[in-house]
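Trainee: Below is the sequence, then the predicted model.
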Amino acid sequence: MTANLRINGSRIAGLCLMVLALGGAAMAQGQPLKINYRLAMTHPNSHLFEVSIEVEAPSESRMESLDFQMAKWSPGRYAVFDFAKNVQEFQAAAGICPPKSRCDMAMRPVTRVDDQTWRVPFMNAQSLTITYKVFGNDLSGTFSDLDSRHANFNGGCVFMYVVNHKQDSVGLSIDPPKNWRITNGRMDKPDQSEWQFPNWDMMTDTPTEIGPDWTEDNFKVDGKTYRVVVHSLGPEGGKRGALVRDIEKIVRAETAMWGPPEFDSYTFLIHFANDGRSGDGMEHLTSTQVIQPGTLADSGMFEDTLDAVAHEFFHVWNVKRLRPIELGPWDFTRPANTRGLWIAEGITNYYGHLLQRRAGLLNDAQLWTKLVAQITEVENAPGSRLMSAEESSLSAPFLDDAPHAQQTNLAYTSISYYPKGEVLGITLDLLIRGKTNGKASLDDVMRRMYEEFYVKSPNATYYLRGRGYRPEDFERVVAEVAGTDMSDFFKRYVRGVEPPPYEEAFAQVGLRLVSEPRQPVSVGISMDDADTTHVKLAQVRPNSPAAEAGWEAEDKVLSIGGMRVTPTNFLKIVGRYKPGDRVNASLQRGVRTVQTTIIMGEPQLMNYRIEEITDAPGGAKTLRAVWLNGK
């Protein structure tokens, strides 16, 4: 099904739900409900979170029924995961029973309206209690995890919302297993187990860790309290103290750029899962979750954690408060569609790297390595010449860890908005610095956007202060800060697919981007790494020499030019040829042997590096120092 058909289908489904809700529920949106959530986990080994929702209607209301809905996705992770698939044992009863009391409440019939919605009639009752269980066995920034070691939940995949009442205030009570402690980014006291939130969105923006053995370290910056909560499922190698100190350096560097954040406290929830697979990072208004697959003691894990922290903390401003108009409040019956994720995520990626340099955690060479990695990913991806930054943003439901039951060609037709946005952030920043002789930068663009759309704009919705921006607003502010028309940049590099003007941008700070071919020729394949014996083709690049020769995914390359090939000698054998050479190649396709002739192509994959222009003018070197130091 095409993207357009998917979107239109979602709109039709949304209209149908609206009609059902209005006709069956007969709700008056002007009458808020009293809503309280209770969460228990009496059998952690079952991986089942036990949820109760108590709803009390105003005495004068005459509602026939209420709809309870599970979100299809959650903010910050834009793929559709259909969280309702893990809901079981949904039940409803009239009235509200005090916790841990025995009550004889009349059960209510439940109608499953669609894949994500349950309808419960009031039947002359003034209040309802809904109970259900949610299976959770994935430690991530999107899903939830419950086992004998701990519980970690993200509200979007656990808590249903009352349709048309997401804006109502809600309470949350958590009943943890014995000797397990609770922590999240909304703690007012150490032993807290109850919270009140202004709306459902705020409650689900509060990921929570519950367990017996997490640790907490605190520090203060400009009167704000920062809590570093670490849950280690393996050795730390004595590195936790240094980790906390370096996180403080990141906080100081990022608040120096943005100014003081509006919260009083912020929590870093960091998990070292030690399972070889769990890895994630997710931003929230007063906290972030960072999940690593190894242990803190592992080589490179310390640096990877700081990299994730620098990215996620930048989201405090960019995306959680300064946000595209489509990002809050949300319609969870259909995927999010925004053209601005290259700004929200890609530019955040750029600053996550740059601000580690300003914090003193990276030297110049280490920063160049990180920036070059992003440039390399973009410039070597065939999809980068097919998909623009705005198209990539709109394709997030397909790209952001989305599961695909069918084979796709996305590897060759798409590019992630993370690296695509980062390379645009690099070039924009340096061009603005050059055009203004160092008087302005992308830092100023971001601060001005934050001030205009979050701090000073009237509240557009119940969700947060301010209002969301459109990509055109960002383009306008860039032009205002740069003091010149920037429409050509956005036409060619943001909405178009041309490579950004690296040479012009890096020259502003006395640097150059240098590229060299990885191999003297191109073939146009990627190998299946799982097969260590044969050159098994995982993918064949469209319009490549291999594609023109008739090679297909799943083929095994037996020989090239009469020489037997293996995964270890393939590149060496191919490197003997030059572009235009016609070479015989033997393939195994199923049980058949296929003889082909491949014409070696011009190099496609490049290696990049950033180097200093030794005779750059002094002004460029001054601009570079200001860029790197943020002064």
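Mentor: Perfect, I can see it now.
Trainee: Can you tell me the SS state at Ile53?
Mentor: strand (DSSP: H, G, I helix; E, B strand; the rest coil).
Trainee: Stretch 388-402 - what's its average pLDDT?
Mentor: For stretch 388-402, mean pLDDT is 96.
Trainee: Export it to CSV, keeping only CA atoms.
Mentor: Output of stretch 388-402 as CSV, limited to C-alpha atoms (Å, rounded to 0.1, in the frame of the first residue of the first chain):
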residue,chain,number,x,y,z
SER,A,388,15.4,15.2,0.9
ALA,A,389,15.6,16.2,4.6
GLU,A,390,12.0,17.2,4.7
GLU,A,391,10.9,13.9,3.0
SER,A,392,13.1,12.0,5.5
SER,A,393,11.2,13.7,8.3
LEU,A,394,7.9,12.8,6.8
SER,A,395,9.0,9.2,6.4
ALA,A,396,9.9,8.8,10.1
PRO,A,397,7.1,6.2,10.7
PHE,A,398,9.0,4.0,8.2
LEU,A,399,12.5,4.8,9.4
ASP,A,400,12.5,5.2,13.2
ASP,A,401,13.1,1.6,14.3
ALA,A,402,10.0,0.6,12.4
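Trainee: Just the buried positions in it, please.
Mentor: For stretch 388-402, burial by neighbour count (16 or more other C-beta atoms under 10 Å) applies to 388-400, 402. (Glycine included, C-beta is placed from N, CA and C.)
Trainee: In helices, which of the residues you listed fall?
Mentor: Ala389, Glu390, Glu391, Ser392, Ser393, Leu394, Ala396, Pro397, Phe398, Leu399 (DSSP state H).
Trainee: Tell me the one of the residues you listed nearest Lys189?
Mentor: Taking C-beta to C-beta as the measure, Ala396 is the one of those closest to Lys189, at 38.1 Å.
Trainee: Can you get me a residue count around the closest residue in space to the closest one that isn't next to it in sequence?
Mentor: Spatial nearest neighbour of Ala396, chain neighbours left out: Tyr78 (3.8 Å); criterion: C-beta to C-beta, 6 or more residues apart in numbering. By other C-beta atoms under 10 Å, 24 other residues sit near Tyr78.
Trainee: Run a quick check on Tyr78 versus Leu394, I expect a contact.
Mentor: No: the pair Tyr78 / Leu394 is not scored as a contact, 10.0 Å apart, by C-beta atoms under 8 Å.
Trainee: so Phe583 makes contact with Ile598?
Mentor: Rather than Phe, residue 583 is Val. Yes: contact criterion C-beta under 8 Å: Val583 and Ile598 qualify, at 5.5 Å.
Trainee: more crowded one of these two?
Mentor: Set Val583 next to Ile598 and count neighbours by other C-beta under 10 Å: Ile598 wins out with 26 against 20.
Trainee: Report the contact partners of that one.
Mentor: By C-beta atoms under 8 Å, 6 or more residues apart in numbering, the contact list for Ile598 reads Val523, Pro545, Ala546, Glu548, Ala549, Trp551, Ile560, Arg582, Val583, Ala585.
Trainee: Show residues contacting stretch 510-521.
Mentor: Contacting residues not belonging to stretch 510-521 are listed as 372, 375, 379, 502-503, 506, 545, 571, 574-575, 577-579, 581, 600-603, 605-613, 616-617, 620-621, 623-624 [C-beta under 8 Å, 6+ apart].
Trainee: on that earlier part again, what is in contact with Val583 and Ile598 at once?
Mentor: Taking C-beta under 8 Å, 6+ apart as the contact rule, Val583 and Ile598 both touch Ile560.
Trainee: Let me know how buried the nearest residue to Tyr161 once chain neighbours are set aside is, in neighbour terms.
Mentor: Leaving aside its chain neighbours, Tyr161 sits nearest to Trp200 (4.6 Å; criterion: C-beta to C-beta, 6+ apart). Neighbour count of Trp200, defined by other C-beta under 10 Å: 24.
Trainee: And Gly425, by the same measure?
Mentor: Applying other C-beta under 10 Å, we find 26 residues neighbouring Gly425.
Trainee: mean confidence for the one helix or strand it maps to?
Mentor: Per DSSP states H and E: Gly425 is located in helix 417-435. For helix 417-435, the mean pLDDT works out to 98.
Trainee: give me the number of residues near the residue lying closest to Gly550 once chain neighbours are set aside?
Mentor: Once flanking residues are discounted, Gly550 sits nearest to Thr596: 5.6 Å by C-beta to C-beta, 6+ apart. For Thr596, the neighbour count with other C-beta under 10 Å is 17.
Trainee: For Thr596, list each beta-bridge partner.
Mentor: Thr596 forms beta bridges with Ala585, as assigned by DSSP bridges.
Trainee: Out of the contacts of Ile598, give me the one that has the most neighbours.
Mentor: Val523 (27 neighbours).
Trainee: show me what contacts that one?
Mentor: By C-beta under 8 Å, 6+ apart, the contact list for Val523 reads Ser544, Pro545, Ala546, Val574, Ile598, Met600, Gly601.
Trainee: Give me the pLDDT for Met446.
Mentor: On pLDDT, Met446 comes in at 98.
Trainee: Distance of it relative to His43?
Mentor: Distance, Met446 to His43, by C-beta to C-beta, to the nearest Å: 47 Å.
Trainee: which one of the two has more residues nearby?
Mentor: Set side by side, Met446 and His43 show more neighbours around Met446, with 25 against 13, by other C-beta under 10 Å.
Trainee: show me the contacts for that one.
Mentor: By C-beta under 8 Å, 6+ apart, the contact list for Met446 reads Met257, Trp258, Trp317, Asn318, Leu322, Ile347, Tyr351.
Trainee: The third one: what's its closest spatial neighbour, skipping adjacent residues?
Mentor: Sequence neighbours aside, Trp258 is the residue nearest to Trp317 in space, at 5.0 Å (criterion: C-beta to C-beta, 6+ apart).
Trainee: same deal with the fifth one?
Mentor: Spatial nearest neighbour of Leu322, chain neighbours left out: Tyr450 (4.6 Å); criterion: C-beta to C-beta, 6+ apart.
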